[in-house]
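K.L.:
when you get a sec, could you give me coordinates for this:
(one chain, ligands or ions: 1)
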Amino acid sequence: MTEPSPTGCPFSGKTDSLTRRTELLTDGYDITPRGELLQAQSYSDSRTILKDTKVNQAGFLADQASNAQGSVHPPVLYMSGEEHTEMRRATARYFTPTAVNSYGPMIAKLADDMVAELAHKGEMTLDDLSLRLAVQVASNVVGLTSSRLPGMEKRIEAFVSTGLDGAPDANNRFTPLRDVTMGGAVGLFFMLDVKPAIEARKKAPKDDLISYLLERDYSDQDILTECITYATAGMITTREFITLAAYQMLKNPELRADYVHGTESERHAILHELLRLDPVVTMLYRHTNQEVSVGEQTFPAGTTFAINIQTANVDPAVMGEDAEQLCPHRPLPKGVQAQGLAFGDGPHRCPGAFLAIKESDIFLRRLLMWNDLEIVRHPSVGYNEIVKGYELRGLRLRLGRPQDANRQGATA
Ligand code: HEM
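P.N.:
Below is the predicted model:
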């Protein structure tokens, strides 16, 4: 029999994480050398590094991004100092609860259409649906809504699937073939999605990111790299989380029932807990050009940190003895967020956190409320090394028969 944990959840001693990367674990919670990098493991050290304004972005191919030809403004993910603060301040309005709630009806319509399509077809692959949803929602925030051809999600998927490694110590080989493939995918995204959006916004600006970048005289090249950042940071991550949350709940009927019948805040608590145990971005990287202190220790200029979000998020010192178990509503120390560091922390903390949870919830509730929804094929678990994130592929779902779907209808 499983022991009850101090929080009242079953305490099996095993992890409820589906995507744990055991090869990245080190013993204990101290900062430990890992090749040329120092790896932070504990929640407290990880948070201290992320919040330090003296450290800079070192992940997501930061070297290549900062040396991009013809670029004047780095994308927000790689900015630092005053320029970064100003960009975050100016774009915060797209992510406020009021702004996010205003996207609600659009997201609900997309979600209803997707569930109806699944009911009509009988079977679909969930990661295709979650990609479509995440891309369409974020593209409204960015202003990527004037594409010349449908299929933007496939064009985005093509340039994030190049097999590159975003870690600062990675040995990426930029072969001519890889350059052409990547350049081709980015070129198509630019010609079919970004450029038409720029032209449309120049004629009639809207309240979106591209219109704002044009106001600041960003070039086409700089707008393109910012759109690529939003595509990877906002769309690919949300797609993976939706697939993961659906799969975990389909495998755990009690959790699914709690979710479907819960209030919005109860549902969000479940989603945060799922994200804590399976943070989409498993590693963040930072480099410092100045001496920095982390707890009692001081590290010299030139240090590069790898921050293991997976271990930080199950640090028992903060999350409790049962940190590895799924237990929504666990008691947390003041200032600790339910999803741990899954959205990062400090200056680069994810601006889309609330939007990501809101859109995931709108879709998942509509999907999981159907009693006759079932798994036809389980997903494979792999990793995308550019974002150091997991990839769940091939989760095939079946939903009843079309006539049942028409009878019941999907409600808000
Ligand atoms: C479950 C979904 C998501 C996850 C797990 C996630 C995770 C993260 C993380 C960990 C960071 C911090 C990177 C760092 O510190 O180096 C980040 C940054 C960022 N995210 Fe998200 N994100 C999600 C959804 C979104 C959405 C929906 C958007 C926008 C539509 C978005 C836009 C961004 C942007 C622009 C940044 C860069 C911010 C900066 O550097 O100042 N994200 N995200």
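K.L.:
for the chain, which residue gets nearest to the ligand?
P.N.:
Taking C-beta to the nearest ligand atom, the ligand has its nearest neighbour within the chain at G352, 2.3 Å off. No exception for glycine: its C-beta is placed from N, CA and C like everyone else's.
K.L.:
can you classify the residue nearest to that residue when sequence neighbours are not counted by secondary structure?
P.N.:
Closest residue to G352 apart from its sequence neighbours, by C-beta to C-beta, 6 or more residues apart in numbering: G234 at 5.0 Å. For G234, the assignment made with DSSP: H, G, I helix; E, B strand; the rest coil gives helix.
K.L.:
wait, doesn't G234 sit right on E359?
P.N.:
No: at 10.4 Å, G234 and E359 do not qualify as touching, with contact defined as C-beta atoms under 8 Å.
K.L.:
who has more neighbours out of the two?
P.N.:
Neighbour count, other C-beta atoms under 10 Å: between G234 and E359, E359 has more, with 28 against 22.
K.L.:
name the helix or strand for R286, please.
P.N.:
strand 283-288 (DSSP states H and E).
K.L.:
helices and strands around that strand, which ones?
P.N.:
Helices and strands touching strand 283-288, by 3 or more C-beta pairs under 8 Å, 6 or more residues apart in numbering; DSSP states H and E, are helix 43-51, strand 55-57, strand 304-308.
K.L.:
quick check: which of the ones you listed is buried the most?
P.N.:
Highest mean neighbour count of those: strand 304-308, a mean of 26 (counted as mean count of other C-beta atoms under 10 Å).
K.L.:
what sits up against the following helix or strand past that strand?
P.N.:
As assigned by DSSP H and E, the chain's next helix or strand after strand 304-308 is helix 309-312. Applying C-beta atoms under 8 Å, 6 or more residues apart in numbering, the external contacts of helix 309-312 come out as 17, 20-21, 24-25, 29, 40-43, 45-47, 279, 281-284, 340-342.
K.L.:
report the buried residues of helix 309-312.
P.N.:
For helix 309-312, a neighbour-count test (16 or more other C-beta atoms under 10 Å) marks I309, Q310, T311, A312 as buried.
K.L.:
does it come close to the ligand?
P.N.:
No: against the ligand, helix 309-312 shows no contacts by C-beta under 6 Å from any ligand atom, the least distance being 7.1 Å.
K.L.:
just the CA trace of that helix, in PDB.
P.N.:
Provided in PDB are the C-alpha atoms of helix 309-312 (Å, rounded to 0.1, in the frame of the first residue of the first chain):
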ATOM      1  CA  ILE A 309      14.800  23.000 -14.100                       C
ATOM      2  CA  GLN A 310      13.800  19.400 -13.700                       C
ATOM      3  CA  THR A 311      15.700  18.900 -10.400                       C
ATOM      4  CA  ALA A 312      15.000  22.400  -9.100                       C
END
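K.L.:
so where is the stretch 201-350 of the chain shaky, pLDDT-wise?
P.N.:
Counting by pLDDT under 70, the stretch 201-350 of the chain shows no low-confidence range.
K.L.:
in CSV: the helices and strands packed on strand 283-288, plus distance to E391.
P.N.:
Listed next are the helices and strands packed on strand 283-288 as CSV, based on distance: least, C-beta to C-beta, whole Å:
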stretch, distance to E391
helix 43-51, 23
strand 55-57, 22
strand 304-308, 19
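K.L.:
got JSON lines for those, with distance to the ligand too?
P.N.:
Formatted as JSON lines, those follow (distance: least, C-beta to the nearest ligand atom, whole Å):
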{"stretch": "helix 43-51", "distance to the ligand": "6"}
{"stretch": "strand 55-57", "distance to the ligand": "6"}
{"stretch": "strand 304-308", "distance to the ligand": "9"}
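K.L.:
so how many other residues sit close to P168?
P.N.:
By other C-beta under 10 Å, 20 other residues sit near P168.
K.L.:
check R377 too.
P.N.:
The number of residues packed near R377 is 12, by other C-beta under 10 Å.
K.L.:
all strands of this structure, in order?
P.N.:
Counting by DSSP state E, the chain has strands at residues 3-4, 10-11, 32-34, 37-40, 55-57, 123-125, 283-288, 292-294, 297-299, 304-308, 373-377, 380-384, 389-393, 396-399.
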